[in-house]
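Peer 1: Provided below for reference: sequence and predicted model.
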Amino acid sequence: MRLYQIQTEWRQAQRALRAADLLQAHDLTDDAISRAYYAMMHAAKAALLFQEAISESHGAVRRLFGQVLIQTGEIEREWASLLTRAYDRRVIADYGSDIVFDTEAMAQLVHDAHRFVERITRYLTAKDVPLQPGGEGPSA
(Lines give C-alpha, C1' and ligand atoms only; values in the text may rest on other atoms or scores of the structure.)
Protein backbone atom coordinates (compact mmCIF):
# COMPACT_ATOMS: atom_id res chain seq x y z
CA MET A 1 0.00 0.00 0.00
CA ARG A 2 1.23 3.48 -0.85
CA LEU A 3 0.38 5.01 2.52
CA TYR A 4 2.37 8.21 2.16
CA GLN A 5 0.84 8.98 -1.25
CA ILE A 6 -2.66 8.13 -0.01
CA GLN A 7 -2.27 10.47 2.94
CA THR A 8 -0.85 13.19 0.69
CA GLU A 9 -3.80 12.97 -1.72
CA TRP A 10 -6.23 12.91 1.21
CA ARG A 11 -4.65 16.05 2.71
CA GLN A 12 -4.85 17.76 -0.71
CA ALA A 13 -8.53 16.82 -0.86
CA GLN A 14 -9.09 18.33 2.58
CA ARG A 15 -7.28 21.55 1.64
CA ALA A 16 -9.21 21.90 -1.62
CA LEU A 17 -12.46 21.35 0.26
CA ARG A 18 -11.60 24.07 2.79
CA ALA A 19 -10.67 26.39 -0.08
CA ALA A 20 -14.01 25.65 -1.80
CA ASP A 21 -15.83 26.55 1.41
CA LEU A 22 -13.93 29.83 1.76
CA LEU A 23 -14.44 30.74 -1.88
CA GLN A 24 -18.15 29.91 -1.65
CA ALA A 25 -18.46 32.12 1.44
CA HIS A 26 -17.06 35.01 -0.63
CA ASP A 27 -19.28 34.30 -3.67
CA LEU A 28 -16.30 33.40 -5.86
CA THR A 29 -18.39 30.93 -7.81
CA ASP A 30 -16.04 29.69 -10.52
CA ASP A 31 -13.13 29.30 -8.12
CA ALA A 32 -15.28 27.45 -5.57
CA ILE A 33 -16.46 25.07 -8.29
CA SER A 34 -12.88 24.42 -9.36
CA ARG A 35 -11.66 23.73 -5.82
CA ALA A 36 -14.68 21.50 -5.11
CA TYR A 37 -13.78 19.37 -8.13
CA TYR A 38 -10.14 19.16 -7.06
CA ALA A 39 -11.23 17.99 -3.60
CA MET A 40 -13.12 15.16 -5.26
CA MET A 41 -10.30 14.34 -7.65
CA HIS A 42 -7.69 14.11 -4.89
CA ALA A 43 -10.01 11.96 -2.78
CA ALA A 44 -10.59 9.67 -5.76
CA LYS A 45 -6.83 9.41 -6.31
CA ALA A 46 -6.35 8.43 -2.66
CA ALA A 47 -8.89 5.61 -3.04
CA LEU A 48 -7.26 4.49 -6.27
CA LEU A 49 -3.83 4.46 -4.67
CA PHE A 50 -5.14 2.07 -2.04
CA GLN A 51 -5.98 -0.27 -4.92
CA GLU A 52 -2.49 0.32 -6.41
CA ALA A 53 -4.08 2.14 -9.36
CA ILE A 54 -1.95 5.12 -10.35
CA SER A 55 -3.61 7.90 -12.31
CA GLU A 56 -1.74 10.85 -13.70
CA SER A 57 -4.46 12.64 -15.67
CA HIS A 58 -7.98 13.80 -14.92
CA GLY A 59 -9.35 11.40 -17.51
CA ALA A 60 -7.41 8.50 -16.03
CA VAL A 61 -8.75 9.29 -12.55
CA ARG A 62 -12.34 9.14 -13.79
CA ARG A 63 -11.75 6.05 -15.93
CA LEU A 64 -9.92 4.12 -13.21
CA PHE A 65 -12.41 5.21 -10.57
CA GLY A 66 -15.11 3.53 -12.65
CA GLN A 67 -13.08 0.43 -13.44
CA VAL A 68 -11.34 -0.18 -10.13
CA LEU A 69 -13.87 1.08 -7.60
CA ILE A 70 -17.32 1.22 -9.21
CA GLN A 71 -17.35 -1.87 -11.42
CA THR A 72 -15.93 -3.98 -8.59
CA GLY A 73 -18.64 -2.79 -6.20
CA GLU A 74 -16.20 -1.12 -3.80
CA ILE A 75 -17.94 2.25 -4.24
CA GLU A 76 -21.52 2.94 -5.36
CA ARG A 77 -22.13 4.12 -8.93
CA GLU A 78 -23.56 7.52 -7.92
CA TRP A 79 -20.10 8.69 -6.87
CA ALA A 80 -18.67 8.23 -10.36
CA SER A 81 -21.50 10.38 -11.73
CA LEU A 82 -20.75 13.12 -9.20
CA LEU A 83 -17.05 13.05 -10.09
CA THR A 84 -17.79 13.32 -13.82
CA ARG A 85 -20.32 16.13 -13.30
CA ALA A 86 -17.85 18.02 -11.12
CA TYR A 87 -15.15 17.66 -13.76
CA ASP A 88 -17.46 18.97 -16.48
CA ARG A 89 -18.44 21.98 -14.36
CA ARG A 90 -14.83 22.66 -13.41
CA VAL A 91 -13.83 22.79 -17.08
CA ILE A 92 -16.66 25.23 -17.79
CA ALA A 93 -15.84 27.32 -14.71
CA ASP A 94 -12.15 27.50 -15.62
CA TYR A 95 -12.41 27.88 -19.40
CA GLY A 96 -15.99 28.68 -20.42
CA SER A 97 -16.07 32.46 -20.42
CA ASP A 98 -19.61 32.64 -21.82
CA ILE A 99 -21.22 30.39 -19.18
CA VAL A 100 -21.89 31.71 -15.69
CA PHE A 101 -22.80 29.47 -12.77
CA ASP A 102 -25.18 30.79 -10.18
CA THR A 103 -24.68 30.52 -6.44
CA GLU A 104 -27.12 27.60 -6.23
CA ALA A 105 -25.07 25.52 -8.69
CA MET A 106 -21.92 26.43 -6.79
CA ALA A 107 -23.48 25.50 -3.45
CA GLN A 108 -24.66 22.15 -4.82
CA LEU A 109 -21.23 21.27 -6.17
CA VAL A 110 -19.49 22.24 -2.92
CA HIS A 111 -22.05 20.15 -1.03
CA ASP A 112 -21.46 17.22 -3.39
CA ALA A 113 -17.70 17.56 -2.87
CA HIS A 114 -18.19 17.30 0.90
CA ARG A 115 -20.29 14.18 0.44
CA PHE A 116 -17.79 12.66 -1.99
CA VAL A 117 -14.80 13.27 0.28
CA GLU A 118 -16.75 11.87 3.22
CA ARG A 119 -17.62 8.74 1.22
CA ILE A 120 -13.98 8.20 0.30
CA THR A 121 -12.97 8.82 3.91
CA ARG A 122 -15.39 6.07 5.00
CA TYR A 123 -14.03 3.76 2.29
CA LEU A 124 -10.40 4.24 3.31
CA THR A 125 -11.20 4.07 7.02
CA ALA A 126 -13.05 0.77 6.47
CA LYS A 127 -9.86 -0.51 4.81
CA ASP A 128 -7.91 0.49 7.95
CA VAL A 129 -5.99 3.23 6.16
CA PRO A 130 -4.75 5.82 8.66
CA LEU A 131 -5.52 9.14 7.03
CA GLN A 132 -3.47 11.19 9.46
CA PRO A 133 0.29 10.69 9.17
CA GLY A 134 1.91 9.03 12.14
CA GLY A 135 5.55 9.53 11.36
CA GLU A 136 5.45 7.85 7.96
CA GLY A 137 7.75 9.28 5.35
CA PRO A 138 7.92 9.13 1.59
CA SER A 139 9.26 5.57 1.73
CA ALA A 140 6.23 4.22 3.63
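Peer 2: Sure, I can see it. Numbering: from 1, shown residues only.
Peer 1: relative to Gln71, how far out is the spatially most distant residue from the centre of the chain?
Peer 2: Each residue of the chain has a distance to the centre, and by C-alpha atoms, centre = their mean the biggest one is for Asp98: 25.9 Å. To Gln71, Asp98 is 36 Å away according to C-beta to C-beta, to the nearest Å. Where you see a C-beta, it was placed from the backbone N, CA and C, and this is true even at glycine.
Peer 1: circling back to that earlier point, next, the residue farthest from the centre of the chain: phi, psi?
Peer 2: Backbone torsions for Asp98, taken as degrees, to the nearest 10, come to phi -100, psi 0.
Peer 1: gap between it and Ile92?
Peer 2: Counting by C-beta to C-beta, the gap from Asp98 to Ile92 is 9 Å.
Peer 1: find the nearest non-adjacent residue to the residue nearest the centre of the chain, please.
Peer 2: Closest residue to the average C-alpha location of the chain: Met40 at 1.3 Å, with C-alpha atoms, centre = their mean. Spatial nearest neighbour of Met40, chain neighbours left out: Phe116 (4.6 Å); criterion: C-beta to C-beta, 6 or more residues apart in numbering.
Peer 1: right, and the one you found touches Tyr38 too?
Peer 2: No - taking contacts as C-beta atoms under 8 Å, Phe116 lies outside contact range of Tyr38: 11.4 Å.
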